[in-house]
Structure formats: structure tokens, C-alpha cells
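how would this look folded up:
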Amino acid sequence: MRKTPKERWTFKRIGLAMLLAMSACSGSEGGHTPEGTGPGNAGSMGVASAGEEEFAPEQGAKLVVWEAKEQLEYMRQLAQAFEAEYGIPVTVEELAGGQQGGRLATDGPAKLAADILTLPHDQIGQAVKAGLLLPNDLFEEETRASMVKAALEASSYEGVLYGYPKSVETYGLFYNKNLMPEAPKTWEDVIEFAKAYNDPKQNKYAIMWEFVGYYTYPFIGSFGGYIFGDNNTNPEDIGLNKEGTIRGFTFLQSLRSILPMKAGDVTYDVKTQLFQEGKLALNIDGPWSVAAFKDKVNFGVAPLPATPDGKPSLSFSGVKSYYVNSYSNYPIAARMFAHFASSKENQLKNYRMTGAIPAHIEAGEAPELQSDPIMSGFFQQFQQSIPMPSISEVNSVWDPLKAAFISVWDDPSLDVKQTLDQTVKTIQADIYRK
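A predicted model of the protein is given here:
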């Protein structure tokens with residue numbers, strides 16, 4: 001029989017006694033981290049003593065959570081529900097998402113940071129190296145079984161799971177239902193539609209996307225290419241001039257006829273306006289642009305068109321997860337809250353209140369989300385996405401990669417292999433210089 005959360009979070013008497021004995025010997029108060037044992041060690045010792053899935057929150061535990069303004073009301077309701085269920089008070093403090101990682105670095109060791117915070121996946125490597133995060137060890141098995149694979153990969157560092165996935169985002173294919181009642185399944189479908197629809201003199205185009213590495217990554221990953229080896233963790237292995245990427249860039253060149261514009265002219269503002277005006281049928285964009293079209297266009301969102309050989313188009317994705325501050329005075333209670341907050345029910349609540357796309361498999365497959373013609377498309381695309389590289393060397397990639405995309409697009413006669421060879425040399429030089 002499956003244990004309830006309360007049952008899983010209950011010690012055997014012997015386990016609790018051992019934990020209390022160790023806490024007393026260390027001189028900690030109220031479950032605080034013992035001095036001299038390193039951040040978060042009290043929680044780990046307690047779990048080891050009690051055995052698998054036998055642990056309880058520290059006596060007198062009280063938590064602080066950092067949350068961005070746009071999710072404050074959701075988090076306040078979550079905090080109230082957690083306290084009602086487990087008797088642990090939770091204070092929610094407003095802090096912009098982009099500031100939480102920096103504040104943790106300065107305030108964590110000083111014992112001034114929140115116990116739980118949200119980080120985008122590209123920030124966890126630096127935080128882990130600085131010893132600021134506790135692993136998701138108590139709930140690892142359940143987390144791995146319930147979350148989308150890409151979210152798990154993005155919430156891990158060097159094979160260790162740290163995060164409790166909260167929400168995901170990637171881009172998808174916006175399609176104007178008045179122009180295309182059903183979204184195209186393949187690039188061949190897009191090409192055929194463009195032949196009849198395109199009219200540059202009237203500013204009518206079949207499809208647009210921005211020519212930057214983020215949005216144009218499908219022409220790399222979908223064709224077997226990659227940026228860095230070992231799942232984007234090995235900067236010594238750059239795959240941008242290897243067979244898969246060459247094939248993807250060659251296919252990209254072939255699409256010039258369906259979008260007869262210079263790459264630099266395809267900006268966010270241009271394609272947004274054309275889609276709003278009903279002149280652009282297909283727009284590759286993300287959930288952040290939904291509000292711009294909601295009351296102006298009859299549209300849906302679908303996965304990106306499949307490659308010519310029938311493979312799904314892989315997009316780049318981002319993942320936000322809850323993380324536990326390694327300097328928390330209440331590392332077990334903090335883990336409990338992070339796990340509670342990332343549950344199916346609470347991810348669905350977050351979706352209802354803020355539009356956040358769930359990372360939880362069952363939440364993403366829930367009828368209410370699947371019947372949403374917009375968010376369901378993003379969730380489907382996320383399931384065939386690759387988390388953006390989180391290692392610092394990726395900062396040397398974006399500008400040369402963008403230049404390569406623009407070059408091969410603007411000049412279809414350009415030799416793809418030579419262009420990519422030069423791109424890799426530029427990236428390597430910048431990495432080694434740093």
C-alpha cells in the first residue's frame with residue numbers, strides 16, 4: 001500500500017531518538033545546523049539514522065521562501081496549505097527571479113537567505129560549485145518517476161539531482177487558425193503552404209522565427225547535431241561543425257525560398273506585428289508572447305514541424321525548479337516544502353493561477369491542460385526539447401552561432417562546412433582566452 005505524505009515523514013521511535021541524540025551532542029538548538037559540520041548536514045544525518053523514507057521535520061521548524069512578484073499570490077496560498085497540513089509556518093518574501101541566485105551566494109553563508117528559492121536551470125552549476133544547494137536526496141526516486149525527463153536533466157548537475165521541478169518553458173508553433181485550421185505536421189507541409197500563400201509585396205509570409213541560437217537550435221539538434229558533448233557538459237567537444245549540424249544548416253539554406261527576407265530583418269517586433277495583423281500564418285515563439293495575441297488572433301500552439309526524415313524537431317528549453325539552501329536551519333522541513341510545492345496538484349494550481357507550464361508528467365497530461373489549445377502545444381514540444389547548456393562556456397557560443405545562421409541564410413551559396421569550421425574556431429578561441 002502506498003504511504004501517505006504524513007506516513008512517509010514519520011520516524012520510527014528509534015530513528016527519532018537517534019536524531020535527537022546526535023543533535024544534542026552537536027549542541028544545535030531547535031534543529032539548527034550543528035556548528036562545524038557544514039551546511040545542511042544535520043538533515044542528512046537524521047535521514048541516515050532513520051532509514052529510507054523515515055524522517056520528520058526539525059522540531060520548531062519555520063521556513064522562508066523567496067518568490068517573484070508574478071507568483072506571490074500562488075505561493076502565499078501554497079504556504080498556507082503547507083502549514084495547515086504539516087504545522088510548519090512559512091513566510092513568503094518577494095524577490096525577483098533574476099536576483100535569487102545572487103542573493104543566495106551572499107546571504108546563504110550569512111544565514112540570511114530563504115530556505116527555499118527558485119532558480120532557472122542555467123544557474124545551478126555555479127550554485128552547486130559554491131556549496132549553496134542541498135541535493136534532492138530524500139525525494140529523488142519519486143521526483144525522477146514523476147517529472148518530464150528534460151526537467152530532471154536540467155535540475156541536475158554532474159549527475160546529481162538538486163532541483164524539484166516547478167515549471168518549464170520552450171517555444172512552439174503559433175498558427176493562425178483562420179489561415180491554417182490545423183497546424184502543419186512537417187516542414188514539407190509548411191513548404192507546400194508557402195508556395196500558395198507567400199506574397200512579399202503584401203507582407204504575407206508562411207512562417208518566421210528569429211535567427212538566434214535559441215530559436216534556430218532545431219536545425220542543429222533535430223538533425224543529430226549538438227553544441228557540447230556529453231549532454232552539453234563537455235566544452236572540449238564542440239559539435240557545431242560535425243555531420244548532424246552540417247545537415248541541419250544545409251536544410252536551413254533550402255528554406256530560403258519560403259521566407260525571402262534577410263535574416264536581420266526577421267525581428268521579434270516584425271513577426272509579432274505581422275502575426276497580429278493576420279499576415280503571418282506561422283510564428284515560432286514562446287508562452288511569453290501569448291498575451292500579445294490573445295485577443296487579436298484566432299490561434300493555437302502546436303509542436304514544431306517534423307524534419308524531412310520524420311524526426312521530431314528538438315527545441316531548446318528552460319526549467320525553473322525549487323532548490324533548498326544548504327545553509328538552511330531546517331534542511332528536512334525545507335526539503336519537504338520543496339517536494340510539496342512541486343506536486344502534481346500544486347503544479348496544476350500554478351498553471352491555473354499564473355499560466356506556468358507544469359514539469360510534472362501527470363499534470364501536463366491532465367484534461368484541463370490537454371484541452372487548452374495553447375499550453376498543451378508548449379507542453380508537447382517541451383517533451384521533445386533539450387535544456388539549454390548551463391556551463392559557462394556556452395556564453396562563447398551565442399554570438400558566433402548567430403553569425404553562422406545569418407551567413408548561411410543570407411548567402412545560400414555559402415559553403416556550410418567551411419562556415420561552421422570557422423565558427424568552431426572562433427568559439428574555441430574565446431573559451432581558451434577566458
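
any weak-confidence spans in this structure?
1-54, 434 (pLDDT under 70).

at 50 what do you get?
Scanning the chain for pLDDT under 50 picks out 1-52.

quick check, central residue of it?
Nearest to the mean C-alpha position of the chain, by C-alpha atoms, centre = their mean, lies residue 319 at 1.4 Å.

from the chain's centre, how far out is stretch 307-325? Work that out for me.
Centroid separation for stretch 307-325 versus its chain: 7 Å, with C-alpha atoms, centre = their mean, to the nearest Å.

quote the end-to-end distance of it.
42 Å (C-alpha to C-alpha, to the nearest Å).

also stretch 196-205?
Start-to-end, stretch 196-205 (C-alpha to C-alpha) is 10 Å.

and that stretch, what's buried?
Of all the residues in stretch 196-205, those buried under the rule 16 or more other C-beta atoms under 10 Å are 197, 198, 204, 205. (Each C-beta comes from the backbone N, C-alpha and C, glycine too.)

just stretch 131-141 next, same as before
Buried positions in stretch 131-141, judged by neighbour count with 16+ other C-beta under 10 Å: 132, 133, 134, 135, 136, 138, 139.

over to stretch 73-83?
74, 75, 78, 79, 81, 82.

try stretch 251-264
251, 252, 253, 255, 258, 259, 263.

got it, and stretch 353-370?
355, 356, 357, 358, 359, 360, 361, 363, 364, 366, 369.

on that earlier part again, give me the subset of the buried residues of stretch 131-141 lying in strands.
In this view, the buried residues of stretch 131-141 that belong to strands under DSSP state E are 133, 134.

any chance of JSON lines for the buried residues of stretch 131-141, columns distance to residue 280?
Below are the buried residues of stretch 131-141 laid out as JSON lines (distance: C-beta to C-beta, whole Å):
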{"residue": "132", "distance to residue 280": "44"}
{"residue": "133", "distance to residue 280": "42"}
{"residue": "134", "distance to residue 280": "47"}
{"residue": "135", "distance to residue 280": "45"}
{"residue": "136", "distance to residue 280": "42"}
{"residue": "138", "distance to residue 280": "49"}
{"residue": "139", "distance to residue 280": "44"}
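
what's the helix or strand for residue 91?
strand 90-94 (DSSP states H and E).

who touches the next helix or strand after that strand?
Per DSSP H and E, the first helix or strand lying C-terminal to strand 90-94 is helix 97-107. Helix 97-107 has contacts (C-beta atoms under 8 Å, 6 or more residues apart in numbering) with 66, 68, 95, 113-114, 117-120, 123, 126-127, 130, 132, 320, 325.

and these, which two are the farthest apart?
Spatial extent of those (C-beta to C-beta) is set by the pair 68 and 130 at 21.8 Å.

who's more crowded, these two?
A count of neighbours by other C-beta atoms under 10 Å puts residue 68 above the other of residue 68 and residue 130, at 17 against 14.

ok, and the closest non-adjacent residue to that one?
residue 97 (4.4 Å; C-beta to C-beta, 6 or more residues apart in numbering).

can I see the domain layout of the chain?
57-169+318-370, 171-316+389-433 (automatic domain parsing).

for the longest one, the distance to its chain's centre please.
For domain 171-316+389-433, the gap between its own C-alpha mean and the chain's C-alpha mean amounts to 19 Å (C-alpha atoms, centre = their mean).

likewise stretch 92-112?
20 Å.

which positions within that stretch qualify as buried?
Quick answer for stretch 92-112 (16+ other C-beta under 10 Å): 92, 95, 97, 100, 101, 103, 104, 108.

which member of those is positioned nearest residue 377?
residue 97 (24.0 Å).

re earlier: what packs against the strand holding residue 91?
strand 63-67, helix 72-86 (3 or more C-beta pairs under 8 Å, 6 or more residues apart in numbering; DSSP states H and E).

can I get the ones you listed in JSON lines including distance to residue 181?
As requested, the helices and strands packed on strand 90-94 are exported to JSON lines (distance: least, C-beta to C-beta, whole Å):
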{"stretch": "strand 63-67", "distance to residue 181": "40"}
{"stretch": "helix 72-86", "distance to residue 181": "35"}
